[in-house]
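Novice: Got a sequence here, can you build the structure:
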Amino acid sequence: MSSSRLGLRLAVCLLNISEARRKYIVENVAKAALLETNGQKHPEVSVLNIFSDQEYNRSVITIAASVAELGNSILAACLEAFQSIDMEVQEGIHPCLGAVDLIPIYPLSGIGVEECGAVARSLAENLLQGVPGCSVFLFGEADLPEKRTLVQRRKQLGWFTRRDFSALKPDLGVAPARRCGLTGHRVPRLQHRQ
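Specialist: Just a heads-up that it's a prediction; the model follows:
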């Protein structure tokens, strides 16, 4: 029986952080996603995978959860990453804007892309409250009304060039004094074809 027939509303986030060389930091970020505010493991959240690339100094943490819990889970992981990763000393061959570099959210079961965009936008607003001076750049369904793709946003931001970050104009928050990140919903390529 499929999860949608069971009434489960699931989404997944491929949280990209700018750290891979210090395994304990990556693990602490992943653990933060799993815990409720009381410190107990959340029953509706799972870390499905952690992929770390040492040369890029970048890790992707795959977090799956009920859509109702995903935003809080990602927020906890992001707060841990912001506290643990110092972008002034971060080095790696992959271009990055911040400690939390990219937060794409995908539907798994029982929800659509629009709801993933709403989760991403809510998460962005919560990041502004939790991280003073945070800058957020939106894409996909979170980027209303433009709905610019991740590729479009990367080009606009000069993603693959090291540029003056203070000249960037975020969608939410203040102009970055240091590197920052992107949040949104990315349409998987298979869904994009018609």
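
Novice: So Y106 versus A120, what's the distance?
Specialist: For Y106, the distance to A120 equals 10 Å [C-beta to C-beta, to the nearest Å]. In short, each C-beta sits where N, CA and C put it, glycine included.

Novice: More neighbours: which of those two?
Specialist: A direct count of neighbours by other C-beta atoms under 10 Å for Y106 and A120 places A120 higher, at 30 against 20.

Novice: all strands in the chain, in order from the N-terminus.
Specialist: 10-17, 45-53, 58-66, 100-109, 135-139, 172-173, 181-185 (DSSP state E).

Novice: Kindly present those as JSON lines, with separate columns for mean pLDDT and distance to L75.
Specialist: Listed next are the strands of the chain as JSON lines, based on pLDDT from 0 to 100; distance: least, C-beta to C-beta, whole Å:
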{"stretch": "strand 10-17", "mean pLDDT": "96", "distance to L75": "11"}
{"stretch": "strand 45-53", "mean pLDDT": "96", "distance to L75": "12"}
{"stretch": "strand 58-66", "mean pLDDT": "96", "distance to L75": "11"}
{"stretch": "strand 100-109", "mean pLDDT": "93", "distance to L75": "10"}
{"stretch": "strand 135-139", "mean pLDDT": "89", "distance to L75": "12"}
{"stretch": "strand 172-173", "mean pLDDT": "89", "distance to L75": "14"}
{"stretch": "strand 181-185", "mean pLDDT": "52", "distance to L75": "11"}
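
Novice: would TSV of the ones you listed with distance to N126 be doable?
Specialist: Formatted as TSV, those follow (distance: least, C-beta to C-beta, whole Å):
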stretch	distance to N126
strand 10-17	14
strand 45-53	16
strand 58-66	15
strand 100-109	12
strand 135-139	10
strand 172-173	11
strand 181-185	10
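
Novice: winner for burial among the ones you listed?
Specialist: Stretch with highest mean neighbour count among the strands of the chain: strand 181-185 (a mean of 29; mean count of other C-beta atoms under 10 Å).
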